[in-house]
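Engineer: let's see this in three dimensions:
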Amino acid sequence: MFAFNLFGQGVAFFQSAQTLLNSFQPVEALPALRGLTIIAARFEQMAADDEFGLGIVVRLVINALDEVAVNNDVAVTRRAELLLEAEQAGLVIPDELAGPETSAVYVSLTTEMALAQSVVDGTYGTIGLHVKLADDQHLGFNTRLEPGHFTEMVASACVIAQLELLKLAAKLFGWTIDESQLDALLRDARELNETSALGGNSAAVPE
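Structural biologist: Model prediction:
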């Protein structure tokens, strides 16, 4: 249940990014892409052939109790219950989680993740993407960006992260998928992502 809910959050991030991209706001879609990529990274860790598996999502839930619990006594009680339930289910829970940046899906989108962190932190790093010449003497700030290679880079990165998440979730949950079709879509998305990251343009973005 915890893992499925995490998958659902990833889908929600994807839909949020899609809405912002359709509104010509690719910069603002970056934090949603980052959340989606981190969730895909967690699924990559859970699907890995090691001792932890679903114990990773239990650790995520336990850690979340410390972040959101208003009543510490309730958090302590719930943490103890989760640990007991996990032990009874035969799950091994890691004491600490490896960083999502160690995953293959995160590494493959390093540029986008760095840009997303800049947006989340409110730095000046991505402001330049919004600033355009208004005329020969003045600069203007545009909240909406015309489609181009940057939008294609963000959109293709969203597709990559979502498809990777779907493949990993299918492996974890035992879902039946057309893996060859997903792999073909991933190849197209990665090709577009690489081209757009170099400043090239393409007429089509995978839907």
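Engineer: excluding its backbone neighbours, what's nearest residue 144?
Structural biologist: Of all residues not flanking residue 144 in the chain, residue 24 sits nearest, at 4.0 Å (Cβ to Cβ, 6 or more residues apart in numbering). All C-beta spots, glycine's among them, are computed from the backbone N, C-alpha and C.
Engineer: am I right that the one you found is in a helix?
Structural biologist: No - Residue 24 is assigned coil when assessed by DSSP: H, G, I helix; E, B strand; the rest coil, not a helix.
Engineer: show me the contacts for it.
Structural biologist: With contacts defined as Cβ atoms under 8 Å, 6 or more residues apart in numbering, residue 24 is in contact with 144, 145, 146, 147, 151.
Engineer: which PyMOL command selects the buried ones in the residues you listed?
Structural biologist: Per 16 or more other Cβ atoms under 10 Å, the buried members of these correspond to this PyMOL selection:
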select buried, resi 145+151
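Engineer: how about the contacts of residue 24 in CSV, adding distance to residue 136?
Structural biologist: What follows is the contacts of residue 24, written out as CSV (distance: Cβ to Cβ, whole Å):
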residue, distance to residue 136
144, 22
145, 21
146, 20
147, 25
151, 26
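Engineer: hmm, back to that, where's the residue nearest to residue 144 relative to residue 127, distance?
Structural biologist: The gap separating residue 24 from residue 127 is 17 Å, by Cβ to Cβ, to the nearest Å.
Engineer: ditto for residue 12
Structural biologist: Relative to residue 127, and taking Cβ to Cβ, residue 12 is found at 27 Å.
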